[in-house]
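>>> dropping the sequence and predicted coords here.
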Amino acid sequence: MIILVTGAGGPTGEAVTAHFRKDGHTVIGVDKDDVDLLDRAAVQRLAERVEREHGRVDGVVHLVGGWRGSASFAETSLDDWDLLHDLLIRTLQHVSLAFEPLLRHSDNGRFVIVSAKAAEKPSAGGAAYSAAKAAAEAWTLSLADALSGTSSAAVVLVVKALVNDAMRAAKPQARFAGFTDVNDLAAAIGGLYDRPAAELNGTRLDLTS
């Protein structure tokens, strides 16, 4: 399979990349130093290169993220919203618009984003983050509607937060209760290929339950 991972340079991207590569799949890892995902033309050129070299894409795992919060609702900074809009929504828009046609050429394609419980239960101080995550979910579900009737699916995976070995080492006393390990997330993404696209398309899978 041909798998594109955006946000590949972080611990989550590394875990997802390693998961697919160990099974012999081709992974195209993209980080901010490789392609500016806020530049739609650059993302379109990336899609054209993938199509030219591989003819299709079988997975797009969009891992570009970020978090900002405030002490209270009234103290919410709209500068935080601007940042989160770019990271969580605009990059998703550019990537999904560019790669949707390629997913249609796959016999078993998946488009995946990682969302948060905060999207369904926002806190007062997390207004900007929760709203951006909710918008990202809605956009992905629109992509799912576009993929209806194809062999590909767009899926939202929901976590409370993610944890990796470096975080545990930095805070050995922390419990990280309810967090999802990045390797477990990678395995969950890989497992999406074991279920029919029609069954998965447009679903929101909660990894915290």
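Done, it's in.

>>> next, the buried residues of the lengthiest helix in the chain.
Criterion DSSP state H: the longest helix present in the chain is helix 127-147. If you call a residue buried by 16 or more other CB atoms under 10 Å, then helix 127-147 has these buried ones: 127-137, 139-141, 143-144, 146-147. (Each C-beta comes from the backbone N, C-alpha and C, glycine too.)

>>> what packs against the helix or strand that contains residue 17?
Element membership of residue 17, judged by DSSP states H and E, is helix 11-22. On a contact count with 3 or more CB pairs under 8 Å, 6 or more residues apart in numbering; DSSP states H and E, helix 11-22 meets strand 2-6, strand 26-30, helix 182-191.

>>> what angle do that helix and helix 182-191 make?
Here helix 11-22 points in a direction 50 degrees away from that of helix 182-191 (axes from the mean of the first three to the mean of the last three CA atoms, to 10 degrees).

>>> average model confidence for stretch 148-163?
Computed over stretch 148-163, the mean pLDDT rounds to 96.

>>> I meant to write stretch 65-81 there.
On average, the pLDDT along stretch 65-81 is 93.

>>> cool, and stretch 195-209?
95.

>>> and for stretch 113-128?
Mean predicted confidence for stretch 113-128 is 95.

>>> residue 17 contacts residue 27, doesn't it?
Yes: with contact defined as CB atoms under 8 Å, residue 17 reaches residue 27; the gap is 4.9 Å.

>>> so what sits against both of these two?
Taking CB atoms under 8 Å, 6 or more residues apart in numbering as the criterion, residue 17 and residue 27 both touch 5, 8.

>>> identify the bridge partners of residue 62.
Beta-bridge pairing of residue 62 under DSSP bridges involves residue 6, residue 113.

>>> what is the burial count for residue 165?
Neighbour count of residue 165, defined by other CB atoms under 10 Å: 12.

>>> contact partners for the closest residue to it other than its chain neighbours?
Spatial nearest neighbour of residue 165, excluding adjacent residues (CB to CB, 6 or more residues apart in numbering): residue 11 at 7.9 Å. Counting by CB under 8 Å, 6+ apart, residue 11 touches 162, 164, 165, 166, 182.

>>> residues near the closest residue in space to residue 7 that isn't next to it in sequence, how many?
Of all residues not flanking residue 7 in the chain, residue 63 sits nearest, at 3.4 Å (CB to CB, 6+ apart). As a burial measure, residue 63 scores 26 neighbours (other CB under 10 Å).

>>> got phi/psi on residue 63?
Backbone geometry at residue 63, expressed as degrees, to the nearest 10, gives phi -110, psi 10.

>>> what's near enough to touch it?
Taking CB under 8 Å, 6+ apart as the test, what residue 63 contacts is 5, 6, 7, 8, 10, 12, 13, 16, 114.

>>> check what pLDDT the residue nearest to residue 165 gets.
93.
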